[in-house]
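Chemist: based on what follows, work out the 3D shape:
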Amino acid sequence: MTTAEATVAALAAHGIGTVYALPGVHNDPLFDALFKAADRIRTVHTRHEQGAAYMALGAALATGRPQAYTVVPGPGLLNSAAALLTAYGTNAPVLALIGQIAQAAIGRGYGHLHEIRDQAGIIVRLADFSGRIRAPAEAPGLVAAAIRAMHTARPGPAVLECAIDVWGRSAPVEALRAPEPTPQPPIDDDAIEAAAKRLGQAKTVLIVAGGGAQDAAVEVTELSRLLQAPVMAFRRGRGVLDARDPLSVTLPLGHELWREADVVLGVGTRLFHGFQQWGVDDKLAVIRVDADPEEPERVRRPAVALIGDAKPILRRLIEALPPHNSARPSRFEELSERQAKLRARLAKLTPQIGYLDAIRAELPEDGIFVEEVTQIGFAARLLYPVYRPRTYISPGFQDSLGWGYAAALGVKDACRERPVVAIAGDGGFMFTATEMATAMHHRIPLVAVLFNDSAYGNVRRNQEERFGNRVIASDLTNPDFVRFAESFGAAAERARSPQDLRAALRRGLARSDVPTLIEVPVGPLPSPWEFIMLPRVRG
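Modeler: Now for the predicted structure:
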């Protein structure tokens with residue numbers, strides 16, 4: 001087999017059925033191998049390297065399964081680097097296959113096409129696992145190691161390089177073996193018992209769910225019931241507990257509950273807001289559940305650390321809890337009243353609420369919402385009801401402006417049977433707007449809602465309010481977005497109210513063969529930041 005053929009065979013053996021790609025001479029043999037394997041692996045090509053990488057990222061976040069993309073070295077790698085960085089920040093299993101210059105020339109500075117000084121050194125800062133395929137026989141093992149690393153300790157992306165003269169090299173390759181299950185660390189029974197005792201004896205428990213809790217929704221829900229513990233989520237943990245449950249809370253109410261709690265159970269989360277903004281003191285015991293053994297003590301030593309996958313750990317914790325936990329009075333009425341008071345406070349965001357309610361009304365329970373770094377996106381983190389895990393897709397702490405449209409294409413491509421709605425501002429949308437050509441070419445019927453205020457709105461408001469109205473570099477000149485979308489052959493229309501948006505969404509979600517763009521002209525929107533940048537309450 002050639003190195004490329006061995007790599008493709010290994011991808012297929014590990015269940016990777018799509019490669020998002022932008023071709024180039026450094027990877028020609030890889031694309032030839034993909035052509036030969038078209039019955040096992042689809043190739044979805046994009047118009048920019050960032051589009052390919054963001055599509056793989058969106059697909060990985062929506063499915064929880066490894067996804068792959070490939071680009072050329074140098075500019076190709078760097079164009080995709082923001083998506084790799086976001087994959088690292090969101091712990092997404094994205095495998096990047098990056099080309100390289102000729103093997104013997106790497107590191108010599110000859111000036112080959114797309115040569116970059118110490119490409120491997122750049123890659124190692126973007127992923128926890130990286131390697132270079134140097135021969136056909138190495139390919140299956142390195143692919144297996146990369147995918148295993150994605151699910152070992154902290155999940156995240158992996159990168160494999162291969163030189164231009166190695167992809168096409170032929171040599172004997174051992175028969176591919178079935179992928180082995182990823183070993184999980186043993187659960188510490190003593191730590192489980194200690195955590196169960198603390199939780200059972202606590203007066204007021206707060207559960208904080210992050211992206212690492214997405215596959216443990218059943219267990220988080222059961223623990224919440226047993227302990228009558230509210231579950232707070234902000235971005236990546238949305239949907240772990242159904243938003244219709246009174247115990248499901250977003251950031252502002254979580255801020256109040258953090259102050260009141262005597263035990264916090266963090267599940268798959270950095271607890272950034274609590275540790276970095278809200279404060280801790282000796283009266284607050286923190287229990288951490290995290291796949292990364294280094295994470296629990298990064299900021300403050302927890303009372304108990306439980307290392308490994310959240311789902312089996314929480315199941316063991318539920319089993320250990322009853323002897324320590326007496327029946328607790330329901331907090332449903334209390335939390336319902338507090339939720340109502342919060343909604344009254346959030347009413348100042350009425351323009352955003354109207355549009356988010358319109359989206360929620362038209363998107364089915366299993367429909368997927370992809371947010372962007374925009375005014376509606378910030379509000380969605382507080383206001384958009386999420387009913388199921390992996391139905392709210394967020395860029396996490398990187399908040400990568402412009403990621404949304406391309407990532408949402410990956411979400412929809414990977415979840416063809418489910419409705420997907422992406423939102424964007426006019427600023428972020430233009431980062432990857434040309435990927436509408438990709439949507440048309442591959443018939444990806446994504447529905448995108450573009451909120452157009454002709455500005456980087458958050459930046460402009462800061463300049464107006466904090467810098468004496470010295471507005472610079474934040475006003476934008478835009479195309480006619482409806483005509484822009486129609487020029488690709490996409491469906492497009494303009495909605496001027498939440499009612500208009502509902503009708504437009506209904507039409508867009510009914511389409512099965514073309515993408516839809518719905519432009520919503522808006523003026524300046526009320527700021528959500530008083531509900532996000534919250535003051536210290538402990539310590």
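Chemist: what number of residues lie near His151?
Modeler: Here the count is done by other C-beta atoms under 10 Å, and His151 has 16 residues near it. Where C-beta positions appear, they are placed from N, C-alpha and C, glycine not excepted.
Chemist: wait, it sits on Glu180?
Modeler: No: judged on C-beta atoms under 8 Å, His151 makes no contact with Glu180 at a distance of 11.3 Å.
Chemist: let me see the ranges of the strands in the stretch 101-250 of the chain.
Modeler: For the stretch 101-250 of the chain, the strands defined by DSSP state E, counting those that start in this stretch occupy 129-133, 158-163, 205-209, 231-232, 248-249.
Chemist: and the stretch 401-539 of the chain, by the same measure?
Modeler: Counting by DSSP E, counting those that start in this stretch, the strands of the stretch 401-539 of the chain are 420-425, 447-452, 491-494, 516-521.
Chemist: now, of these, which is deepest in the fold?
Modeler: Mean neighbour counts were compared across those using mean count of other C-beta atoms under 10 Å; the top stretch is strand 420-425, at a mean of 28.
Chemist: that one vs strand 447-452, what angle?
Modeler: 10 degrees (axes from the mean of the first three to the mean of the last three C-alpha atoms, to 10 degrees).
Chemist: quick one: distance of strand 420-425 to the chain centre.
Modeler: Remark: strand 420-425 is offset 14 Å from the chain centroid, using C-alpha atoms, centre = their mean, to the nearest Å.
Chemist: before we move on, what about stretch 467-474?
Modeler: Worked out by C-alpha atoms, centre = their mean, stretch 467-474 lies 32 Å from the chain centre.
Chemist: likewise stretch 248-267?
Modeler: On C-alpha atoms, centre = their mean, the centre of stretch 248-267 falls 22 Å from the chain's centre.
Chemist: for it, buried residues please.
Modeler: 248-258, 261, 263-267 (16 or more other C-beta atoms under 10 Å).
Chemist: now swap in stretch 329-336 and tell me
Modeler: Buried, per 16+ other C-beta under 10 Å, within stretch 329-336: Arg331, Leu335.
Chemist: and what of stretch 406-422?
Modeler: 406-415, 419-422.
Chemist: and the furthest pair within those?
Modeler: The most widely separated members of the buried residues of stretch 406-422 are Ala406 and Pro419, with 18.5 Å between them, by C-beta to C-beta.
Chemist: mind putting the strands of the stretch 401-539 of the chain into CSV with mean pLDDT?
Modeler: Shown next, in CSV, are the strands of the stretch 401-539 of the chain (pLDDT from 0 to 100):
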stretch, mean pLDDT
strand 420-425, 98
strand 447-452, 98
strand 491-494, 98
strand 516-521, 98
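Chemist: any idea how far Ala81 is from Ala87?
Modeler: From Ala81 across to Ala87, the span is 10 Å (C-beta to C-beta, to the nearest Å).
Chemist: of these two, which one has the most company?
Modeler: The neighbour count for Ala81 versus Ala87, taken as other C-beta under 10 Å, is higher for Ala87 (33 against 18).
Chemist: checking my notes, that one in a helix, right?
Modeler: Yes: with DSSP: H, G, I helix; E, B strand; the rest coil as the criterion, Ala87 is part of a helix.
Chemist: tell me the contacts of it?
Modeler: Residues near Ala87 by C-beta atoms under 8 Å, 6 or more residues apart in numbering: Ala53, Ala56, Leu57, Ala60, Val94, Ala127, Gly156, Pro157.
Chemist: most surrounded residue in those residues?
Modeler: Most surrounded of these: other C-beta under 10 Å gives Ala56, at 37 neighbours.
Chemist: so what pLDDT did that one get?
Modeler: At Ala56, the model reports a pLDDT of 99.
Chemist: can you confirm it is in a helix?
Modeler: Yes: if the criterion is three-state DSSP, then Ala56 is within a helix.
Chemist: if I pick it, what's in contact with it?
Modeler: So Ala56 contacts Tyr20, Gln67, Ala68, Tyr69, Ala83, Ala87, Val94, Leu95, Ala96, Gly410 (C-beta under 8 Å, 6+ apart).
Chemist: ok, and the most crowded of those residues?
Modeler: Gly410 (36 neighbours).
Chemist: that residue touches Leu57, doesn't it?
Modeler: Yes: contact criterion C-beta under 8 Å: Gly410 and Leu57 qualify, at 6.4 Å.
Chemist: which residues do the two both contact?
Modeler: Both Gly410 and Leu57 are in contact with Gln67, where contact means C-beta under 8 Å, 6+ apart.
Chemist: would you map the strands across the stretch 251-400 of the chain?
Modeler: Going by DSSP E, counting those that start in this stretch, the stretch 251-400 of the chain shows strands at 263-267, 285-290, 304-307, 368-370, 392-393.
Chemist: mind putting the strands of the stretch 401-539 of the chain into TSV with distance to His26?
Modeler: Formatted as TSV, the strands of the stretch 401-539 of the chain follow (distance: least, C-beta to C-beta, whole Å):
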stretch	distance to His26
strand 420-425	31
strand 447-452	32
strand 491-494	37
strand 516-521	34
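Chemist: just the buried residues of stretch 191-209, please?
Modeler: Applying 16+ other C-beta under 10 Å to stretch 191-209 flags 191-200, 202, 205-209 as buried.
Chemist: and that stretch, how far apart are its ends?
Modeler: With C-alpha to C-alpha, to the nearest Å applied, stretch 191-209 spans 20 Å between its terminal residues.
Chemist: coming back round to it: please identify which of the strands of the stretch 101-250 of the chain is closest to Gly396.
Modeler: strand 205-209 (13.5 Å).
Chemist: out of the contacts of Ala56, who's nearest Ala33?
Modeler: With C-beta to C-beta as the yardstick, the closest approach to Ala33 among those comes from Ala68, at 13.0 Å.
Chemist: was I right to think the closest one contacts Leu97?
Modeler: Yes: if you go by C-beta under 8 Å, Ala68 and Leu97 touch, sitting 6.4 Å apart.
Chemist: so what sits against both of these two?
Modeler: With contacts taken as C-beta under 8 Å, 6+ apart, Ala68 and Leu97 have Val19 as neighbours in common.
Chemist: for the contacts of Ala87, which one is nearest Glu519?
Modeler: Nearest to Glu519 among the contacts of Ala87, with distances taken as C-beta to C-beta, is Leu57, at 25.2 Å.
Chemist: OK, contacts around that closest one?
Modeler: Applying C-beta under 8 Å, 6+ apart, the residues near Leu57 are Gln67, Ala83, Thr86, Ala87, Thr90, Ala92, Val94, Trp403, Ala407, Gly410.
Chemist: for the fifth one, give its distance to Ala37.
Modeler: The reference is to Thr90. Taken as C-beta to C-beta, the span from Thr90 to Ala37 is 29 Å.
Chemist: likewise Leu321?
Modeler: Distance from Leu321 to Ala37, by C-beta to C-beta: 49 Å.
Chemist: all helices for the stretch 351-500 of the chain, in order.
Modeler: Here the stretch 351-500 of the chain has its helices, by DSSP state H, counting those that start in this stretch, at 375-383, 404-414, 426-429, 436-441, 457-466, 481-488, 498-510.
Chemist: just to revisit the earlier point, out of the contacts of Ala87, who's nearest Leu241?
Modeler: Ala60 (22.7 Å).
Chemist: that closest one - that's part of a strand, no?
Modeler: No: looking at Ala60 with three-state DSSP, it is helix, so not inside a strand.
Chemist: okay but it is in contact with Ala96, surely?
Modeler: No: using C-beta under 8 Å, Ala60 is not in contact with Ala96, being 11.4 Å away.
Chemist: wait, what's in contact with the closest residue in space to Gly367 that isn't next to it in sequence?
Modeler: Excluding its sequence neighbours, the residue lying closest to Gly367 (C-beta to C-beta, 6 or more residues apart in numbering) is Pro419, at 4.0 Å. Pro419 makes contact with Leu363, Pro364, Asp366, Gly367, Ile368, Val447, Leu509, according to C-beta under 8 Å, 6+ apart.
Chemist: so who does Leu517 touch?
Modeler: Counted by C-beta under 8 Å, 6+ apart, Leu517 has contacts Met436, Ala448, Leu450, Phe481, Val482, Phe484, Ala485, Ala490, Ala491, Ala492.
Chemist: how about His255?
Modeler: His273, Trp278, Leu534, Val537.
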